[in-house]
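> My questions are about this predicted structure, shown below with the sequence.
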Protein chains: 2
Amino acid sequence: MVHANQPIGVFDSGIGGLTVLRELRQALPDEHLIYVGDLARSPYGSKSPETVKRYASQITRYLLSRNVKMIIVACNTASATAGELVRQLAAPVPVLEVVAQGVEAALDAVAVLGAKEARVGILGTVTTVTSGIYPAMIRILAAGRKMAVPLMLQKACPLFVPLAEEGIWEGDLADRIAAYYLGEMKDFHPHLVILGCTHYPLLRGAIAGALPPGTSLIESAPAVVQTAGRILEETGLKAPQTNGAVTEYYVSDSVDTFCRNAGRILDTTLDLVHHIDLDACEDGEE
Amino acid sequence: MVHANQPIGVFDSGIGGLTVLRELRQALPDEHLIYVGDLARSPYGSKSPETVKRYASQITRYLLSRNVKMIIVACNTASATAGELVRQLAAPVPVLEVVAQGVEAALDAVAVLGAKEARVGILGTVTTVTSGIYPAMIRILAAGRKMAVPLMLQKACPLFVPLAEEGIWEGDLADRIAAYYLGEMKDFHPHLVILGCTHYPLLRGAIAGALPPGTSLIESAPAVVQTAGRILEETGLKAPQTNGAVTEYYVSDSVDTFCRNAGRILDTTLDLVHHIDLDACEDGEE
């Protein structure tokens, strides 16, 4: 019933998820991708779980109407608040989300460390940090691996998303804003810090500069891509090599603004960018 | 048909419009006010004119369904892109919006200056600045007053809104972000600078510190309140003094978050805060 030629759906509140899409395209160049960026209602990170759930389920309904073979939630806030809901709505279509994948990557890094008591920092939006999803998932997955639960410190960094969206990825102001948020984290002397928002890899240099030298920064994109590839292989749903690898973009706000900002992340011209009215994707209306 | 006891509707994308509401309540304590804050989709300032128009017309339809006697658009981005649309939808209900009122206040200040060639700076969101509404309206209203058109310089300051929403209203980081945006404005040596976003008065100190000493900062709230009072007097629609001066708040995202943040601006407890689903206020559905 499911065919290898069906598309993979990827979504985010805005452009942050493109940091995941970029790696997906490189690793799985034959896959037909559909990216949804909810720019008309971004950012999600300061909004309530109820509101983010409503938005995420509208997008999920749209992607299911497009007959996707897999959904990737490329937004940590949506993963944290609506990951389970998306999974329920999409079943039996598999759902990958950035929080679980980021935690797996972090625990891999902890295992390599071999430290007796690992110290793990977590950076995210207000809504992600408040949800407590990272500490909870680290505890669960560490138990599953029979690893000691690391010491953890969370920090919400609300200005990082507007800073990244504004294109200020490095320089004095980015450094100062990073230093503003990361003082306590620096004193925590973390072995590794999870970049718990898909925008944050854009600020990697500034974040690294505000932390002790040698702190590993963990992002979820490589783990997401690796897991997606494995699932597609295992289920025989990897797109055949002859498939034209189209990426379609659907954005809920101005197509022009999206193209301008997305171009900086993807470093390519975007051909198939369409406007989408997500409010029309309510229950029973798709 | 219209009664003095009917409420006044005030709206903004989030909490910025509360800087206008605060002055309204002080100056017109007997008026029943209905404030709508579209937090589920804020900020408006980076969104396209089409999207902001859609949101503003949903809110206008809601306020009209509440039988308001006047609408105040307390958001510069909505004023800049949707002011005319709100006016058309609301007619014959009078609409006041912050852009025209801010320009009148600025021209009053220019007239007092008596400078041969006044220099006026304009700060706003990307969408407001891109709309060109301030320079256009300054030209029109200056012509109406037979005044010389001032020299003008606009600057979009996208990080000001998240900074204000994050509660960082003063201190080193606010000063540095102000300095980041206002270097060219400082060199322009403006006589006065229009705070063309209802969030910006919260950052007044940081903005003033980044400009030459003595630069006047013009905000629209006092002019809005004065004009509203005058219209109500002239039309006999001022609320009678015996009226219980209730203020109701309707927010499209979490009531708790709104109360927490709004409390800092209004310095009072908010009793009547309700959630509202603005998507349900589409054409013909109210």
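Right, received. Where do you want to start? Worth saying up front: this structure is predicted, and the values here are computed from it rather than measured. Numbering: from 1, shown residues only, chains lettered A, B, ... in the order given.
> give me every residue that touches A:Gly205.
By C-beta atoms under 8 Å, 6 or more residues apart in numbering or on different chains, the contact list for A:Gly205 reads A:169-170, A:174. Every residue, glycine included, has its C-beta placed from N, CA and C.
> For A:Glu170, see how far away it is.
5 Å (C-beta to C-beta, to the nearest Å).
> what sits up against the helix or strand of chain A with the lowest mean pLDDT?
Lowest by mean pLDDT, DSSP states H and E among the helices and strands of chain A is helix A:255-266, with a mean of 87. Contacts of helix A:255-266 from elsewhere in the structure, counted by C-beta under 8 Å, 6+ apart, are A:15, A:18-19, A:21-22, A:37, A:39, A:165, A:167, A:202, A:249, A:251, A:269-270, A:273-275, B:46, B:48.
> Now list the buried members of those residues.
If you count burial by 16 or more other C-beta atoms under 10 Å in any protein chain shown, the buried members of the contacts of helix A:255-266 come out as A:15, A:18-19, A:21-22, A:37, A:39, A:165, A:202, A:249, A:251, A:270, A:273, B:46, B:48.
> By pLDDT, give me the weakest of those residues.
In terms of pLDDT, the weakest of those is A:Leu270, which scores 83.
> SS state for that residue?
coil (DSSP: H, G, I helix; E, B strand; the rest coil).
> Could you pick out the residues of chain A near chain B for me?
A:39-41, A:46-48, A:50-51, A:158-159, A:161-163, A:165-166, A:168, A:172-173, A:176-177, A:180, A:252-254, A:256-257, A:279 (C-beta under 8 Å from any C-beta of the partner chain).
> Please flag which of those residues sit within helices.
Among those, the members found in helices (DSSP state H) are A:50-51, A:161-163, A:165, A:172-173, A:176-177, A:180, A:256-257.
> Can you check the pLDDT for the residue located most distally from the centre of chain A?
Centroid-distance maximum for chain A: A:Lys116 at 29.6 Å, with C-alpha atoms, centre = their mean. The score at A:Lys116 is 81. That number is its pLDDT.
> Can you tell me the closest non-neighbouring residue to the residue of the stretch 1-150 of chain A found nearest chain B?
Using C-beta to the nearest C-beta, the single residue of the stretch 1-150 of chain A nearest to chain B is A:Ser48, 3.5 Å away. Counting by C-beta to C-beta, 6 or more residues apart in numbering or on different chains, A:Ser48 lies nearest to B:Ser254, which is 3.5 Å off, once chain neighbours are set aside.
> Around the one you found, how many other residues sit close by?
Look at B:Ser254: counted by other C-beta atoms under 10 Å in any protein chain shown, it has 19 neighbours.
> got it, and A:Cys281?
By other C-beta under 10 Å, neighbour count at A:Cys281 equals 20.
> Distance of the residue in the stretch 151-286 of chain A positioned nearest to chain B relative to A:Gly14?
Closest contact between the stretch 151-286 of chain A and chain B, by C-beta to the nearest C-beta, is at A:Ser254 (3.5 Å). From A:Ser254 across to A:Gly14, the span is 12 Å (C-beta to C-beta).
> do A:Leu85 as well
A:Leu85 is 20 Å from A:Gly14, by C-beta to C-beta.
> of the two, who's got more company?
A:Gly14 (27 against 18).
> Just say helix, strand or coil for that one.
Once three-state DSSP is applied, A:Gly14 turns out coil.
> quick one: contacts for it?
Counted by C-beta under 8 Å, 6+ apart, A:Gly14 has contacts A:37-39, A:42-43, A:165.
> returning to that earlier point: show the backbone phi and psi for the residue of the stretch 1-150 of chain A closest to chain B.
phi -70, psi 160 (degrees, to the nearest 10).
> residue closest to the middle of chain A?
Most central in chain A (C-alpha atoms, centre = their mean) works out to A:Ala74, at 3.2 Å.
> Among the contacts of A:Gly205, which one has the most neighbours?
Result: A:Ala174 is most packed of the contacts of A:Gly205 (other C-beta under 10 Å), 23 neighbours.
> quick one: contacts for that residue?
Contacts of A:Ala174 (C-beta under 8 Å, 6+ apart): A:163, A:168, A:203, A:205-206.
> Mind putting those into a markdown table with pLDDT?
Below are those laid out as a markdown table (pLDDT from 0 to 100):
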| residue | pLDDT |
| --- | --- |
| A:Leu163 | 94 |
| A:Ile168 | 93 |
| A:Leu203 | 97 |
| A:Gly205 | 97 |
| A:Ala206 | 98 |
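> Would you show me how to pick out the buried ones of these in PyMOL?
Buried residues within the contacts of A:Ala174, by 16+ other C-beta under 10 Å, are selected in PyMOL with:
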select buried, chain A and resi 163+168+203+206
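> And the helices in chain A, which stretches?
Going by DSSP H, chain A shows helices at A:18-27, A:49-65, A:76-90, A:98-113, A:126-131, A:133-144, A:160-165, A:172-187, A:204-209, A:221-234, A:255-266.
> From the contact counts, what lies against the fifth one?
Contacts of helix A:126-131 with other secondary structure elements, assessed using 3 or more C-beta pairs under 8 Å, 6 or more residues apart in numbering or on different chains; DSSP states H and E, are made with helix A:49-65, helix A:76-90, strand A:151-156.
> Tell me which of those is the most buried.
Most buried of the helices and strands packed on helix A:126-131 by mean neighbour count (mean count of other C-beta atoms under 10 Å in any protein chain shown) is helix A:76-90; its value is a mean of 24.
> From one end of stretch A:38-46 to the other, what's the distance?
Stretch A:38-46 stretches 14 Å from its first residue to its last (C-alpha to C-alpha, to the nearest Å).
> Just give me how far that stretch sits from the chain centre.
14 Å (C-alpha atoms, centre = their mean, to the nearest Å).
> do stretch A:79-98 as well
Offset of stretch A:79-98 from its chain centre (C-alpha atoms, centre = their mean): 13 Å.
> cool, and stretch A:99-118?
Using C-alpha atoms, centre = their mean, the offset of stretch A:99-118 from its chain centre is 18 Å.
> Residues contacting it, please?
A:76, A:79-80, A:83, A:120, A:128, A:133-134, A:137-138, A:141-142, A:145, A:147-148, A:150-151, A:191-192, A:194-196, A:216, A:218-220, A:222-224, A:227.
> What subset of those is buried?
A:76, A:79-80, A:83, A:120, A:128, A:133-134, A:137-138, A:141-142, A:150, A:191-192, A:194-196, A:216, A:218-220, A:223-224, A:227.
> what number of residues lie near the nearest residue to the residue nearest to the centre of chain A once chain neighbours are set aside?
With sequence-adjacent residues excluded and distances taken as C-beta to C-beta, 6+ apart, A:Ala74 is closest to A:Gly17, at 3.2 Å. Per other C-beta under 10 Å, the neighbour tally for A:Gly17 reads 28.
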